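> Need a 3D model of the sequence below.
(2 chains)
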2 protein chains.
Amino acid sequence: MPVLVMKFGGTSVATLDRIRRAAKRVGVEVAKGYDVIVIVSAMAGETNKLVGFVSETSPLYDAREYDAIVSSGENVTAGLMALTLQEMDVPARSWQGWQVPVVTNSAHSAARIEDIPPANIMAKFAEGMRVAVVAGFQGVSPEGRITTLGRGGSDTTAVAFAAAFEAERCDIYTDVDGVYTTDPRIASRARKLDKISFEEMLELASLGAKVLQTRSVELAMRYKVKLRVLSSFEEQSDTAGTLVCDEEEVMENRPVSGIAYSRDEAKMTLVSVADRPGIAAAIFGPLAEAGINVDMIIQNIADEGRTDMTFSCPVDQVKRAEKALGEAKTAGHINYRDLVADTNVAKISAVGIGMRSQSGVAARMFKTLSDEGINIKVIATSEIKISVLIDRKYMELAVQALHDAFELEKPA
Amino acid sequence: MPVLVMKFGGTSVATLDRIRRAAKRVGVEVAKGYDVIVIVSAMAGETNKLVGFVSETSPLYDAREYDAIVSSGENVTAGLMALTLQEMDVPARSWQGWQVPVVTNSAHSAARIEDIPPANIMAKFAEGMRVAVVAGFQGVSPEGRITTLGRGGSDTTAVAFAAAFEAERCDIYTDVDGVYTTDPRIASRARKLDKISFEEMLELASLGAKVLQTRSVELAMRYKVKLRVLSSFEEQSDTAGTLVCDEEEVMENRPVSGIAYSRDEAKMTLVSVADRPGIAAAIFGPLAEAGINVDMIIQNIADEGRTDMTFSCPVDQVKRAEKALGEAKTAGHINYRDLVADTNVAKISAVGIGMRSQSGVAARMFKTLSDEGINIKVIATSEIKISVLIDRKYMELAVQALHDAFELEKPA
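The predicted structure follows:
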């Protein structure tokens, strides 16, 4: 029988009632003839409670113990989901990571899945079991210890199972009903997309769209797993949600698919830096070591052997960035006249695979912002994305204007 | 290095502060040179919460899923205890049942431990680890599924580890400071015993003393594991608590070591039963099938082919017993004129290995009760125990009078 993977996040299994609701959805797919692998998160709040215990006990904790502790919430949900399905006369059982086994490397708390041998679960399917409920987010290391995949890791578990079992599709049930052209809270005309390509989803995920974890999208792209994002609180249908899939399957041919934004950005400028080979490495090396997530980088045209270097990073990392650069200056590794931080900026990005083949997208974006009187502070582009930094107060206006300009409210 | 097993129950690990307190006690034993195996229960209340989830989800639950769910509380405590010890610079790690492995049979929710191979933990001790923190109450079946040992199973886990690792002693930390000559809430002169024999402890445990689980005492007796019961809330010392050990090591030579009582007993009498071979089986077979815990049984002298049969059982099983016997009568399997239930009785027991060698203990007990005007309704004796049923209103008086009569307040 064809295999379907269904993943339910923490809010979708937050109470016994919600677990029942999720189980009913699983029952519908079983009735269609699927053997189903259900991946569950911990009941909402449980993992945070356990993480709190760990932090209070041991600020610099042993990650192996952290993993053994925080993985227990998923075990509870997996057992409860299996019992709920059994109550509905659906043959089901729970599997913890080590039982499958979900083999990972030994990078505790941020482990990578290395292998999911399908034999054990397939043998149970062959015996008549219809649903394998698997505790998400966890695995077992070569040393036989419990590992976890990092926050949001249940999405990755789901995609990895879909790849290992060659599932027809991987349905991610969450508390939103799909991927939108932009945040509906900012632009009321935002439209749910029926389909989006892996590449676009990846850009949107890394730009802060909370719908899917970046790693799970990468994995789905690599193994060509059809990924569907849909709400566990809405009516079930075969066309619900958003399908994340190969570019070729996305029929829409428009330059921009979505507008993303990030509110908490900062722009930092090193004024009058000596313009010499290796200067970029000298600046960004210490920042990387300090764990600063540098995003956009702009180097001005040099004038008399000096230049200005501008970069953006999350606003809560500004203090650390200032410290790291100050130390590098004191140590004589870099030389600059001044360090200016602008903590009142936001990043707006237009994302679309259509940009590859259609020209003039950047020009249209800049003109739209200009028509609204919005000044662009930094520009960065990739093959399928254009990002700009602007004053934060214009963020909502910019998102709405760009959404209108690219006519995202209209189905293609 | 010699191995010590220390077990901490749910109230002893109920909060992070209490876990720290317990860890300090472990640290003291490590400093003495022991390699320590710590067995932990779930934080008080956790297991009940999980059992509640299961009952609400599925009244007739799959015991395999029940075990997978309710065992998770112990995993959390084990990890937290290991982290707490590490914070104190004591090399420690946690072990879940399947990791040791604690091999059990497949009787889910009431599994029996079949094997605890010491190799994995001993290898870590050899590498310098000083404490293995093991999640109590759980094991793994031959099929690779998680099992649990039944309520109070962590005591059994502790004793089984002490046997498997040939531990010098098994310390059971709980919320009372030892085994008493009787309940101090009833007899203010009750005295804590320094030592008690396995046999006596077994009788007291099955008579309702909540200090140790009966199975753990049986296991300790079979494998000659020195068991010490002590409070995790009192000062630590080498002579604290009560040592449960072989008869030969108990130096006291008195006829009675303790007085136990059970408040919630009922006496049931089948009046005028046909006195024929097989009648006892015909009566007690249906009761056993109905899950009635029959304790004392008395058969009167027969008169003209008919007799009265009296037995005791917990008062909350009276209704079920009446139903089972009524059905057996209707089906023609037994015949009696009347069934009389007295639900206002209590059981008082005197327990002591000294009874074996000293005569007159029963006579002294009966005279003491008679002197207080207490009527004895049923008597049952074993080699080291005399039990009587009396009116419940005399229960406290009887316990106090017997405690005085056998001079239990005086150290031997």
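
> all contacts plus neighbour counts: C-alpha atoms, from now on.
Will do.

> where along the stretch 201-350 of chain A do the helices fall?
For the stretch 201-350 of chain A, applying DSSP state H, counting those that start in this stretch gives helices covering A:214-223, A:279-289, A:318-330.

> which parts of the first one are buried?
Spelled out, it's helix A:214-223. By neighbour count with 16 or more other Cα atoms under 10 Å in any protein chain shown, helix A:214-223 contains the buried residues A:214-221.

> Same list (those) but as JSON lines, adding pLDDT.
Formatted as JSON lines, those follow (pLDDT from 0 to 100):
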{"residue": "A:Thr214", "pLDDT": "84"}
{"residue": "A:Arg215", "pLDDT": "88"}
{"residue": "A:Ser216", "pLDDT": "92"}
{"residue": "A:Val217", "pLDDT": "92"}
{"residue": "A:Glu218", "pLDDT": "90"}
{"residue": "A:Leu219", "pLDDT": "93"}
{"residue": "A:Ala220", "pLDDT": "94"}
{"residue": "A:Met221", "pLDDT": "93"}
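
> Tell me which of the helices of the stretch 201-350 of chain A sits nearest to A:Ala163.
Closest approach to A:Ala163 among the helices of the stretch 201-350 of chain A is made by helix A:214-223 (6.1 Å; Cα to Cα).

> Please identify the most buried of the helices of the stretch 201-350 of chain A.
Of all those, helix A:214-223 has the most neighbours on average by mean count of other Cα atoms under 10 Å in any protein chain shown, namely a mean of 19.

> Could you list every helix and strand in contact with that one?
Based on contacts counted as 3 or more Cα pairs under 8 Å, 6 or more residues apart in numbering or on different chains; DSSP states H and E, the elements that helix A:214-223 packs against are helix A:153-164, helix A:198-206.

> Might you list the low-confidence residue ranges for chain A?
A:206-209, A:251-252, A:412 (pLDDT under 70).

> what residues does it put near chain B?
Near chain B, the residues belonging to chain A are A:16, A:50, A:53-54, A:57-58, A:61-62, A:65-66, A:68-70, A:72-73, A:75-77, A:79-80, A:82-84, A:87, A:93-94, A:99, A:144-145 when assessed by Cα under 8 Å from any Cα of the partner chain.

> Leaving out sequence neighbours, find the closest residue to the residue in the stretch 101-250 of chain A positioned nearest to chain B.
Residue of the stretch 101-250 of chain A nearest chain B, by Cα to the nearest Cα: A:Gly144 (7.2 Å). Leaving out its chain neighbours, the residue that sits closest to A:Gly144 by Cα to Cα, 6 or more residues apart in numbering or on different chains is B:Gln99, at 7.2 Å.

> Kindly provide the distance from the residue nearest to the spatial centre of chain A to A:Asn375.
The residue lying closest to the centre of chain A (Cα atoms, centre = their mean) is A:Gln213, at 2.6 Å. Distance of A:Gln213 to A:Asn375, computed by Cα to Cα, to the nearest Å: 32 Å.

> Now intersect the residues of chain A next to chain B with the strands, please.
Cross-referencing these against strands under DSSP state E gives A:93-94.

> Buried among the residues of chain A next to chain B? Make that a ChimeraX selection.
A single ChimeraX command is used to select the members of the residues of chain A next to chain B judged buried by 16+ other Cα under 10 Å:
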select /A:16,50,53,54,57,58,61,62,65,66,68,69,70,72,73,75,76,77,79,80,82,83,84,87,93,94,99,145
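
> Of the residues of chain A next to chain B, which belong to helices?
Residues of the residues of chain A next to chain B located in helices (DSSP state H): A:16, A:50, A:53-54, A:57, A:65-66, A:68-70, A:72-73, A:75-77, A:79-80, A:82-84, A:87.

> In this structure A:Val318 contacts A:Asp264, no?
No. With contact defined as Cα atoms under 8 Å, A:Val318 does not reach A:Asp264; the gap is 11.0 Å.

> thinking again about what came up before, may I see the helices and strands packed on helix A:214-223 organised as JSON lines, with distance to A:Ser257 and mean neighbour count added?
Shown next, in JSON lines, are those (distance: least, Cα to Cα, whole Å; neighbours: other Cα atoms under 10 Å in any protein chain shown):
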{"stretch": "helix A:153-164", "distance to A:Ser257": "23", "mean neighbour count": "26"}
{"stretch": "helix A:198-206", "distance to A:Ser257": "8", "mean neighbour count": "22"}
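
> can you put the ones you listed in JSON lines and add distance to A:Ala281?
Below are the helices and strands packed on helix A:214-223 laid out as JSON lines (distance: least, Cα to Cα, whole Å):
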{"stretch": "helix A:153-164", "distance to A:Ala281": "33"}
{"stretch": "helix A:198-206", "distance to A:Ala281": "24"}
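
> Identify all contacting residues around stretch A:89-105.
Here stretch A:89-105 makes contact (Cα atoms under 8 Å, 6 or more residues apart in numbering or on different chains) with A:27, A:75, A:78-79, A:81-83, A:85-86, A:111-118, A:120-121, A:128-136, A:138-142, A:144, A:146-147, B:65, B:144-145.

> now with 6 Å?
A:78-79, A:82, A:111-116, A:129-135, A:138-141 (Cα atoms under 6 Å, 6 or more residues apart in numbering or on different chains).

> How about stretch A:64-77?
Contacting residues not belonging to stretch A:64-77 are listed as A:41-42, A:47, A:50, A:108, A:135, A:146-148, B:69, B:72, B:76, B:79 [Cα under 6 Å, 6+ apart].

> Look up which residues are beta-bridged to A:Asp115.
A:Val103 (DSSP bridges).
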